[in-house]
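> fold the following and give me the result.
(3 chains)
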Amino acid sequence: MRIEIPTILWAIWFIVISTATILATLRAVIGPTNSDRVVGLDTWTTITTGFWVILALFFFQFVLLSVAMVYAILSFLGVLVIARYLERGL
Amino acid sequence: MERVESSKISRYFYAVLIYFFLWIVLTYPFSIQEWEAGAMIAFLGALLTYKQLSVAGVKNIKRIGILLFWYLPVFTWEMVKANIHVAGLVLNPKMPIKPGIVKIKTNLKSPVARVWLANSITLTPGTLSLDIEGEYLYIHWITVGSTDVEGASREIAGSFEKILEAMFK
Amino acid sequence: MLNVVLGWLGTVLISIGVFFLFLGALGIFRLPDLFNRLQAGTKATTLGVVSTSIGVGLLVKGWLPFSVALAVFLLMTNPISSHAVARASYRAGVKPYHGTSPDECAKRNLDFSGEGEEK
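Modelled structure (predicted):
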């Protein structure tokens, strides 16, 4: 039930996603204000969720899709907590 | 706010339906044992939390119908347009942006409908909902069109407001 | 036959998704101020991850319900978190890019004056 995806396509996907993660990390490191860092973190977690999904296809494990779901839920809650902290302190 | 509450049985039944559906989807490889456990947990969990889940009860199913067959196509199309817009903006070496924060007015009454409107605005071309204050929404717009309240409301929220009014009336 | 068509459709969807994830990160990196960054980041990465997960669901038989649930979850929560970050950082005193021409939000008086400013 699984069509063969050429190796070069896997390589392109992984390289592009890694570059995207590096760019988001750079924004999280150099961001002028704390809010910019939070934006970088938010984007980083979303990209990583996509990466889990692709990894689930790569290793052909259904469990990794569940991992992606839990990761999405936890990153959503984390960003909400950080936004609340930015607004009025803990 | 001024939405009428349905009866408790209707709300409870709706909560059971929603929980059971979520359980089926999340424990995917279907087996009858999972379904039995899911039914038990759905009935017990709905007993605890049906008051928080919904106000309108089973009437929400009509809303889900509108959501699937009217809202979703419009929304998908708007989202694809938004992403082509963002792609053109980011890949252009000069980045022709002209940002501004405008104020729009919404006619929607219930808080849930306003949340949906704000979410839709965030994912449609060039707009990001920044703050909500009563019936006014503050929108960050990446290439500003009209700056007065009425024009901006028509231009940003027009297409979704009709659907959401039909959905939450 | 249907499997092959679905497979190629899924591959194309994953490629589009990966491309838009990259565009989101590039937008985060290039755009000049916080709110523009949030715009690019939210829109592009949301479409990217939704398209990726639906593509994976089309490729493997039986994964579609879960991946559609994942896509719906992301579609509903991503705008909320970006809205929370935008609102919090505007209230915490992050100034928009200097070319931001009408700034209606600055005209109102906030009722929690100075509570969320960075020390």
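
> what are the buried residues along stretch B:107-118?
B:Leu108, B:Ser110, B:Val112, B:Ala113, B:Arg114, B:Val115, B:Trp116, B:Leu117, B:Ala118 (16 or more other C-beta atoms under 10 Å in any protein chain shown). C-beta: built from backbone N, CA, C; applies to glycine.

> at the contact with chain A, which residues of chain B appear?
Selection of chain B residues close to chain A by C-beta under 8 Å from any C-beta of the partner chain yields B:Leu26, B:Tyr28, B:Pro29.

> quick one: which of the residues you listed is most hemmed in?
B:Tyr28 (17 neighbours; other C-beta atoms under 10 Å in any protein chain shown).

> report pLDDT for it.
You'll see B:Tyr28 listed with a pLDDT of 74.

> that older thread, among the residues of chain B next to chain A, which are in helices?
The helices, defined by DSSP state H, take in B:Leu26 from the residues of chain B next to chain A.

> make TSV from the residues of chain B next to chain A and add distance to chain C to it.
Compiled in TSV, the residues of chain B next to chain A are given as follows (distance: C-beta to the nearest C-beta, whole Å):
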residue	distance to chain C
B:Leu26	7
B:Tyr28	5
B:Pro29	8
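
> okay if I get the residues of chain B next to chain A as a markdown table plus distance to A:Gln61?
Formatted as a markdown table, the residues of chain B next to chain A follow (distance: C-beta to C-beta, whole Å):
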| residue | distance to A:Gln61 |
| --- | --- |
| B:Leu26 | 17 |
| B:Tyr28 | 13 |
| B:Pro29 | 13 |
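
> in chain A, which spans are helices?
Under DSSP H, chain A gives helices at A:7-30, A:34-59, A:63-88.

> so for B:Ile142, which of these sits nearest?
helix A:34-59 (14.9 Å; C-beta to C-beta).

> say whether chain B is contacted by the closest one.
No - on the criterion C-beta under 8 Å from any C-beta, helix A:34-59 is out of touch with chain B, staying 11.5 Å away.

> again with stretch A:62-70
Yes - Stretch A:62-70 is in contact with chain B by C-beta under 8 Å from any C-beta, via A:Phe62, A:Met69.

> hey, C-alpha coordinates of that stretch in CSV?
Coordinates of each C-alpha in stretch A:62-70 appear next as CSV, following Å, rounded to 0.1, in the frame of the first residue of the first chain:
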residue,chain,number,x,y,z
PHE,A,62,1.8,4.9,13.3
VAL,A,63,3.0,5.7,16.9
LEU,A,64,5.0,8.7,15.6
LEU,A,65,1.7,10.3,14.4
SER,A,66,0.5,10.2,17.9
VAL,A,67,3.8,11.7,19.0
ALA,A,68,3.1,14.5,16.6
MET,A,69,-0.4,15.0,18.1
VAL,A,70,0.9,15.2,21.7
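
> contacts for it next, please.
Where contact means C-beta atoms under 8 Å, 6 or more residues apart in numbering or on different chains, the residues beyond stretch A:62-70 that reach it are A:49, A:52-53, A:55-56, B:26, B:28-29, C:53, C:56, C:63, C:66-67, C:69-70, C:73.

> max pairwise distance over those: which two?
Checking those with C-beta to C-beta, the most distant pair is A:Thr49 and B:Pro29, at 22.1 Å.

> scan chain B for its longest helix.
Chain B, longest helix under DSSP H: helix B:32-53.

> sorry, back to before: ranking the helices of chain A by burial, who's on top?
Of the helices of chain A, the one with the most neighbours on average (mean count of other C-beta atoms under 10 Å in any protein chain shown) is helix A:34-59, at a mean of 23.

> now check that one, is it near chain C?
Yes - Helix A:34-59 lies within reach of chain C by C-beta under 8 Å from any C-beta, at A:34-36, A:38-40, A:42-43, A:46-47, A:49-50, A:53-54, A:56-57.

> what pLDDT, on average, does that helix get?
For helix A:34-59, the per-residue pLDDT averages 91.

> which strands or helices does it pack on?
helix A:7-30, helix A:63-88, helix C:2-30, helix C:34-59, helix C:64-91 (3 or more C-beta pairs under 8 Å, 6 or more residues apart in numbering or on different chains; DSSP states H and E).

> ok, and the closest non-adjacent residue to the most centrally placed residue in chain C?
By C-alpha atoms, centre = their mean, chain C has its centre lying nearest to C:Thr42, at 1.8 Å. Counting by C-beta to C-beta, 6 or more residues apart in numbering or on different chains, C:Ser82 is the residue found nearest to C:Thr42 once chain neighbours are left out, at 4.1 Å.

> ok, the residue minimising distance to the centre of chain B - contacts?
The residue lying closest to the centre of chain B (C-alpha atoms, centre = their mean) is B:Trp116, at 2.9 Å. By C-beta under 8 Å, 6+ apart, B:Trp116 lies in contact with B:Phe160, B:Leu164, B:Met167, B:Phe168.

> between these, which is nearest chain C?
B:Phe160 (12.8 Å; C-beta to the nearest C-beta).

> okay, now that closest one: neighbour count?
22.

> could you do B:Ile66 as well?
15.

> B:Leu89 too?
21.

> circling back to that earlier point, quick one: the helices and strands packed on helix A:34-59 as CSV, columns for mean pLDDT too.
What follows is the helices and strands packed on helix A:34-59, written out as CSV (pLDDT from 0 to 100):
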stretch, mean pLDDT
helix A:7-30, 92
helix A:63-88, 90
helix C:2-30, 90
helix C:34-59, 90
helix C:64-91, 89
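
> roughly how far does C:Ala25 sit from C:Ala44?
8 Å (C-beta to C-beta, to the nearest Å).

> more crowded one of these two?
More crowded of C:Ala25 and C:Ala44, by other C-beta under 10 Å: C:Ala25, with 32 against 28.

> mind listing what that one touches?
A:Thr19, A:Ala20, A:Thr21, A:Leu23, A:Ala24, A:Arg27, A:Thr43, A:Ile47, C:Gly41, C:Thr45.

> again, only this time at 6 Å
C:Ala25 makes contact with A:Ala20, A:Leu23, A:Ala24 under the criterion C-beta atoms under 6 Å, 6 or more residues apart in numbering or on different chains.
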